[in-house]
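Asker: What follows is a predicted structure for the sequence shown.
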Amino acid sequence: MNNYLDTYGLREDPFRITPDPEYYYPSQEHILALNLLNYTMEQREGFCLLTGKPGMGKTTLLKIFMERWKERAEMALIMTPRLSPEEFIQALLDDFNIKYAKMGKNSMLKAFREFLLGHSAKGKRVAIIVDEAQNLPVETLEELRLLSNLETDKEKLLQIILVGQPELLDKIESSQLKQLSQRITIRSHLKPFKEAETCDYLNARLIKAGSGVSIVDAGARSAIHRGSGGIPRMINVIASRAIMAAYLKGSPVVQELHVRIGKGNGGHLDTRIRRINAWIREYLPYCALFAAVLVVTIIAVKYMRH
Ligand SMILES: Nc1ncnc2c1ncn2[C@@H]1O[C@H](COP(=O)(O)OP(=O)(O)OP(=O)(O)O)[C@@H](O)[C@H]1O
Ligand SMILES: [Mg+2]
């Protein structure tokens, strides 16, 4: 495997799909979303909603955001949010290190409010961050709305950041959650990269991993963009396989062909699908005519028998 990296002057695999902050690429979309997250904290807004298709970099962005705020804020990150309201509050208290053994829900909420007031007095922010928030049950989302009512006369004591796939938005817009939806004024949706950004993203990763950008040619870049739809996780998967395909073919440069081979032996498959499509396009009118004649003949024969 080392040979493969050496061949292309790489220190490490540039396209691993773990959300490694070292490889963070600040696209226009990611910058905008990060600004909104920062604004939510600075202005002590109640809610912020961040959505994006799977693989668009939501979790990666959260890591960057949390790193930047770790000195100035207490943050609870809930990553498995399929929790009932009560379980959710327990998870929060666990994360914030608040003792709640043998407490009922009301006492737990009281302890939480005291925690919030204590931090507010020290000028520290407190944030609840829910990743994969599309999995939150409706009742737990409603509980979050109630939590966000914890405030002083002047300011919200708590910032709540909901991050999830696009169905999160549908859930929040549903008639059951109207009150919550009205409170979420800060919203950001990460859109897939345009082709130029996919190229910059590829370059940034190749350079970070120690290689020159010229190991992937222009045709391969376009093909990676088309194949991935501009979704970073898919860019990584396709680029990684393409480099491997180029290596196995002994090519010093990754070309479009390697991208196609990498996409599940796509080279051959694509050609076959294209051939079948061409065949259908050429012969479809004849097939339709033949079927029509057949149907008319069958009807005529039946009619004559009667
Ligand atoms: N801005 C970025 N800079 C660098 N790498 C990124 C960026 N966005 C995404 N990636 C890459 O894409 C992969 C998928 O990103 P991430 O896990 O953050 O997506 P996600 O939106 O949280 O997906 P899911 O909805 O499946 O949880 C990351 O592991 C990382 O390798
Ligand atoms: Mg994620």
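Answerer: Great, that's in hand. Ligands and ions are numbered 1, 2, ... in the order given.
Asker: For ligand 1, what is the nearest residue in the stretch 101-250 of the chain?
Answerer: residue 232 (3.3 Å; Cβ to the nearest ligand atom). No exception for glycine: its C-beta is placed from N, CA and C like everyone else's.
Asker: Also the stretch 51-200 of the chain?
Answerer: residue 57 (2.3 Å).
Asker: tell me which residues in the strand or helix carrying residue 203 are buried?
Answerer: If you go by DSSP states H and E, residue 203 is part of helix 195-208. The neighbour-count check on helix 195-208 (16 or more other Cβ atoms under 10 Å) flags 197, 198, 199, 201, 202, 203, 204, 205, 206, 208 as buried.
Asker: Against ligand 2, how distant is the second one?
Answerer: According to Cβ to the ion, to the nearest Å, residue 198 stands 20 Å off from ligand 2.
Asker: quick one: that residue from residue 24, how far?
Answerer: Separation of residue 198 from residue 24 (Cβ to Cβ, to the nearest Å) stands at 16 Å.
Asker: Over to the fourth one?
Answerer: In this structure, residue 201 lies at 11 Å from residue 24, with Cβ to Cβ as the measure.
Asker: nearest spatial neighbour of the residue in the stretch 151-300 of the chain positioned nearest to ligand 2, skipping sequence neighbours?
Answerer: Closest residue of the stretch 151-300 of the chain to ligand 2, Cβ to the ion: residue 163 (7.4 Å). In this structure, residue 163 finds its nearest non-sequential neighbour in residue 50, 4.6 Å apart by Cβ to Cβ, 6 or more residues apart in numbering.
Asker: can you check residue 232 too?
Answerer: Closest to residue 232 by Cβ to Cβ, 6+ apart is residue 57, at 5.2 Å.
Asker: ok, now residue 28?
Answerer: Excluding its sequence neighbours, the residue lying closest to residue 28 (Cβ to Cβ, 6+ apart) is residue 197, at 7.3 Å.
Asker: same thing with residue 138?
Answerer: Counting by Cβ to Cβ, 6+ apart, the residue nearest residue 138 is residue 176, at 5.5 Å.
Asker: Could you report the pLDDT at that neighbour?
Answerer: On pLDDT, residue 176 comes in at 92.
Asker: Count the neighbours of it for me.
Answerer: 13 (other Cβ atoms under 10 Å).
Asker: Tell me which residue in the stretch 1-150 of the chain sits closest to ligand 2.
Answerer: Closest point on the stretch 1-150 of the chain to ligand 2, by Cβ to the ion, is residue 59, at 3.2 Å.
Asker: tell me which element that residue is part of?
Answerer: Using DSSP H and E, the element containing residue 59 is helix 58-69.
Asker: in the stretch 51-200 of the chain, which spans are helices?
Answerer: Taking DSSP state H, counting those that start in this stretch as the test, the helices found in the stretch 51-200 of the chain are 58-69, 85-95, 105-121, 138-147, 167-173, 178-183, 195-208.
Asker: packing partners for the last one?
Answerer: Yep, that's helix 195-208 we're talking about. helix 218-228, helix 232-248 (3 or more Cβ pairs under 8 Å, 6 or more residues apart in numbering; DSSP states H and E).
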